[in-house]
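**Q** sequence below, structure please.
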Amino acid sequence: MFAAENGLKGDPRLQAISEAIRVVPHFPKPDHKAFKNTVDIFVDRYRDMGISVVAGVEARGFMFGPSIALAIGAKFVPLRKPGKLPGEVISEAYVLEYGTDCLQMHVGAVQPHERALVIDDLVATGGTLSAAIRLLERVGAEVIECACVIGLPEVKGQCRLNGKPLYILVEPREMDNGY
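**A** Take a look at the predicted model:
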């Protein structure tokens, strides 16, 4: 049911809400091939690496992680911001350029000696990925690699990944739209 059908038709608050919403024509781009190609490249890379956990960083790591995990026969584990996971969690705080943040994971979601891949959409400073690595290693997982669709080369985030490999599909200078 729409609010306008619930006796609110003509309510100026609805008009104000409607006017505050920005519509960007042709966004997101309806390009399922780009998503499929992205997932396929990651699957080709990780299919035979014995990975049992794909840990997706909130929120855009959730777009790629489940598809990759399903294709390689691994489980998907979400790494979320505080207060978003029900039940018992463990937390890892980290420093951002503009403050601090925290990632959480369910207790028992990852077992000792499991081989893990951390996936996110973009790496800049590497702070979030480093926190993800620490979180997984605290429960005894072996982080095999971190993977991102986009890497910002001028920041050199891989310097903060505790020696873990970082796999990046594209950098902004390689992208047509200049990201």
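
**Q** now Ala132: closest residue in space, sequence neighbours ignored.
**A** Distances taken as C-beta to C-beta, 6 or more residues apart in numbering place Val118 nearest to Ala132, at 4.6 Å, with adjacent residues excluded. To be clear about C-beta, it is placed using only N, CA and C from the backbone, and glycine gets the same treatment.

**Q** so that neighbour makes contact with Leu135?
**A** No - taking C-beta atoms under 8 Å as the definition, Val118 is not a contact partner of Leu135, at 9.3 Å.

**Q** which residues are contacting stretch 74-82?
**A** 51-58, 61-62, 65-66, 68-70, 85, 91, 101-106, 109-110, 116-118, 132, 135 (C-beta atoms under 8 Å, 6 or more residues apart in numbering).

**Q** identify each buried residue in it, please.
**A** Neighbour counts over stretch 74-82 (16 or more other C-beta atoms under 10 Å) mark 74-80 as buried.

**Q** assumed the residue nearest to Ala132 was part of a helix.
**A** No - using DSSP: H, G, I helix; E, B strand; the rest coil, the secondary structure at Val118 is strand, not a helix.

**Q** circling back to that earlier point, reformat the buried residues of stretch 74-82 as JSON lines; add pLDDT.
**A** As requested, the buried residues of stretch 74-82 are exported to JSON lines (pLDDT from 0 to 100):
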{"residue": "Ala74", "pLDDT": "98"}
{"residue": "Lys75", "pLDDT": "98"}
{"residue": "Phe76", "pLDDT": "98"}
{"residue": "Val77", "pLDDT": "98"}
{"residue": "Pro78", "pLDDT": "98"}
{"residue": "Leu79", "pLDDT": "98"}
{"residue": "Arg80", "pLDDT": "97"}
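
**Q** so which of those residues are in strands?
**A** Those of the buried residues of stretch 74-82 mapping onto strands are 75-79, per DSSP state E.

**Q** can you tell me which two in these are farthest apart?
**A** Taking C-beta to C-beta as the measure, these span a maximum distance of 13.2 Å, between Lys75 and Leu79.

**Q** which residues of the protein fall in strands?
**A** 53-57, 75-79, 89-96, 99-106, 115-123, 142-151, 166-170.

**Q** gap between the longest one and the chain center?
**A** This means strand 142-151. Distance of strand 142-151 from the chain centroid (C-alpha atoms, centre = their mean, to the nearest Å) equals 10 Å.

**Q** ok, the first one next?
**A** Relative to the centre of its chain, strand 53-57 is centred 8 Å away, using C-alpha atoms, centre = their mean.

**Q** ok, now the third one?
**A** Per C-alpha atoms, centre = their mean, the displacement of strand 89-96 from the mean C-alpha position of its chain is 15 Å.
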